[in-house]
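**Student:** I would like to see how this sequence folds:
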Amino acid sequence: MADLPPSELPPTGLPQRSSTYAEAGVNIEAADRAVELMRNWTEKARRPEVIGGLGGFAGLFDASALTRMRRPLLATSTDGVGTKVAVAQAMDVHDTIGFDLVGMVVDDLVVCGAEPLFMTDYIATGRVVPERIAAIVKGIAEACVLAGCALVGGETAEHPGLLGPDEYDVAGASTGVVEADDLLGPGRVRPGDVVLAMASTGLHSNGYSLVRHVLLGPVGAGGAGWALDREVPELGRALGAELLEPTRIYAKACLELAAATSTHALAHVTGGGLAANLERVLPAELTATLERGTWTPQPIFDVVRQVGRVEQADLEATLNCGVGMVALLPADDVDAAVTLLAEHSVTAWVAGEVSVATSSDDAGRVRLQGRHPGW
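**Tutor:** A predicted model of the protein is given here:
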């Protein structure tokens, strides 16, 4: 290229030397160290079908086992953690957020009866701190082990200027498989099916914008102004510890439930709350009625409700209110289902029933009635 004319040369006084990627804010050596630190954890989250290891351009998974299925259907899901990462960053605790990521992704697959096979993650950060990245991946890998899926790869991207040095966001995607004859969903649901609720561990990973506004927001802006280290008697621990409680992963329990009972449908209770997510697997001609009196939500939900003076309708449309997963199945299978889920440390109970809709207002809708004990 020809030399620039004097008018296009840098102004006198600017450094007359080449710039580096590191000076721009991207540290390749730190990224390499992060890979080495996370390698131990990704090795733990393997399945026999995984080929190769960390460091390739793509994760490889031997799909030959699928040829033994009559009609294998691949299922895929992707999600993130949302603003819960802001709590993790503020507390400098990063090894639990991976459970939230995996739970949000694999339990969407399980809803249709699919076994999660493998997962990939994406971490974007303003500055790669190897130990922090490794802690995030540690949580993801440990959660993959609980879900029975392999962590076959991922990407860590350093975005200086877009994110602050200590800011990051995480996302992931997973692929699963289900035999076509075993596909769960609205087509199987029948009048008389029981609505079996499964307890959440708390907030899981939805509605944190509301929760943070209510509890952490400035007093003058409608928040309570609480600190994350505040001990909250109703919670029995500090607020930050409660807000970082990991999402429960239902994958293995629900797959066993589907195999051992005549489960017709599952609903993962995430954004939108219990009613909206249950309606996604409810046929248009049916309705479901749930009794709030059958369970008491964990204290965090009542704290948010009372401190923020949040109307119950808004609360239930935003948070899971104590129910993280729902199964629709025949009443004859309830006892076996409750026992099986208890073996996975998942508390379950009958919360309602499916019936034929008698009006257009009820068709395909879920009705919550009554009051939670103590509310």
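**Student:** please count neighbours and contacts with C-alpha atoms only from this point.
**Tutor:** Will do.
**Student:** the stretch 51-200 of the chain: strands as residue ranges?
**Tutor:** 60-61, 72-80, 115-125, 150-158, 168-179, 194-199 (DSSP state E, counting those that start in this stretch).
**Student:** partners of the longest one in the sheet?
**Tutor:** Read that as strand 168-179. strand 72-80 (antiparallel), strand 115-125 (antiparallel) (DSSP bridges).
**Student:** can you tell me the closest non-neighbouring residue to Gln284?
**Tutor:** Residue 284: Ala, not Gln. Excluding the flanking residues, the one nearest Ala284 by C-alpha to C-alpha, 6 or more residues apart in numbering is Gly364, at 4.2 Å.
**Student:** what sits opposite the residue nearest to Ala275 when sequence neighbours are not counted in the beta ladder?
**Tutor:** Spatially, and ignoring its direct neighbours in sequence, Ala275 is nearest to Val366 (5.4 Å; C-alpha to C-alpha, 6+ apart). Taking DSSP bridges, one obtains Ala288 as the residues bridged to Val366.
**Student:** and Val366, what does it touch?
**Tutor:** Ala275, Ala276, Leu278, Glu279, Thr287, Ala288, Thr289, Leu290 (C-alpha atoms under 8 Å, 6 or more residues apart in numbering).
**Student:** buried among the residues you listed? Need that as a selection in ChimeraX.
**Tutor:** Buried residues within the contacts of Val366, by 16 or more other C-alpha atoms under 10 Å, are selected in ChimeraX with:
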select :275,276,278,279,287,288,289,290
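**Student:** closest to Ala259 among the contacts of Val366?
**Tutor:** Among those, Leu278 lies closest to Ala259 (C-alpha to C-alpha), at 20.8 Å.
**Student:** check which helix or strand the closest one maps to.
**Tutor:** Assessed by DSSP states H and E, Leu278 sits inside helix 273-279.
**Student:** so what does that helix touch, helix or strand wise?
**Tutor:** Counting contacts by 3 or more C-alpha pairs under 8 Å, 6 or more residues apart in numbering; DSSP states H and E, helix 273-279 packs against strand 265-268, helix 312-316, strand 366-369.
**Student:** out of the strands paired with strand 168-179, nearest to Ala90?
**Tutor:** strand 115-125 (14.6 Å).
**Student:** between strand 150-158 and the closest one, find me the angle.
**Tutor:** Angle, strand 115-125 to strand 150-158, by axes from the mean of the first three to the mean of the last three C-alpha atoms, to 10 degrees: 10 degrees.
**Student:** hmm, who's touching strand 115-125?
**Tutor:** 61, 106, 109-110, 133, 144, 147-160, 163-178, 251, 255.
**Student:** show me which of the residues you listed are buried.
**Tutor:** 61, 106, 109-110, 133, 144, 147-156, 158-160, 165, 167-178, 251, 255.
**Student:** tell me the secondary structure at Pro283.
**Tutor:** Under DSSP: H, G, I helix; E, B strand; the rest coil, Pro283 falls in the coil class.
**Student:** for Ala357, see how far away it is.
**Tutor:** Using C-alpha to C-alpha, to the nearest Å, we find Pro283 at a distance of 10 Å from Ala357.
**Student:** joint contacts of these two?
**Tutor:** Common contacts of Pro283 and Ala357 (C-alpha under 8 Å, 6+ apart): Gly364.
**Student:** separation between the residue nearest to Ala275 and Ala260?
**Tutor:** Val366 is 26 Å from Ala260, by C-alpha to C-alpha.
**Student:** before we move on, what about Ala342?
**Tutor:** Noted for Ala342: a distance of 14 Å to Ala260, by C-alpha to C-alpha.
**Student:** do the same with Gln312
**Tutor:** According to C-alpha to C-alpha, Gln312 stands 36 Å off from Ala260.
**Student:** can you check Tyr122 too?
**Tutor:** For Tyr122, the distance to Ala260 - C-alpha to C-alpha - is 35 Å.
**Student:** please apply the same query to Gln306.
**Tutor:** For Gln306, the distance to Ala260 - C-alpha to C-alpha - is 41 Å.
**Student:** let me see the ranges of the helices in this structure.
**Tutor:** 28-44, 84-91, 97-110, 130-147, 208-215, 239-243, 251-260, 273-279, 299-307, 312-316, 334-343 (DSSP state H).
**Student:** could these go into JSON lines alongside distance to Phe57 and mean pLDDT?
**Tutor:** Converted to JSON lines, these look like this (distance: least, C-alpha to C-alpha, whole Å; pLDDT from 0 to 100):
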{"stretch": "helix 28-44", "distance to Phe57": "13", "mean pLDDT": "61"}
{"stretch": "helix 84-91", "distance to Phe57": "27", "mean pLDDT": "97"}
{"stretch": "helix 97-110", "distance to Phe57": "22", "mean pLDDT": "97"}
{"stretch": "helix 130-147", "distance to Phe57": "18", "mean pLDDT": "93"}
{"stretch": "helix 208-215", "distance to Phe57": "34", "mean pLDDT": "97"}
{"stretch": "helix 239-243", "distance to Phe57": "36", "mean pLDDT": "98"}
{"stretch": "helix 251-260", "distance to Phe57": "28", "mean pLDDT": "98"}
{"stretch": "helix 273-279", "distance to Phe57": "36", "mean pLDDT": "97"}
{"stretch": "helix 299-307", "distance to Phe57": "43", "mean pLDDT": "97"}
{"stretch": "helix 312-316", "distance to Phe57": "43", "mean pLDDT": "95"}
{"stretch": "helix 334-343", "distance to Phe57": "39", "mean pLDDT": "98"}
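**Student:** and among the ones you listed, the most buried is which?
**Tutor:** Neighbour counts (mean count of other C-alpha atoms under 10 Å) averaged over each of the helices of the chain peak at helix 97-110, with a mean of 28.
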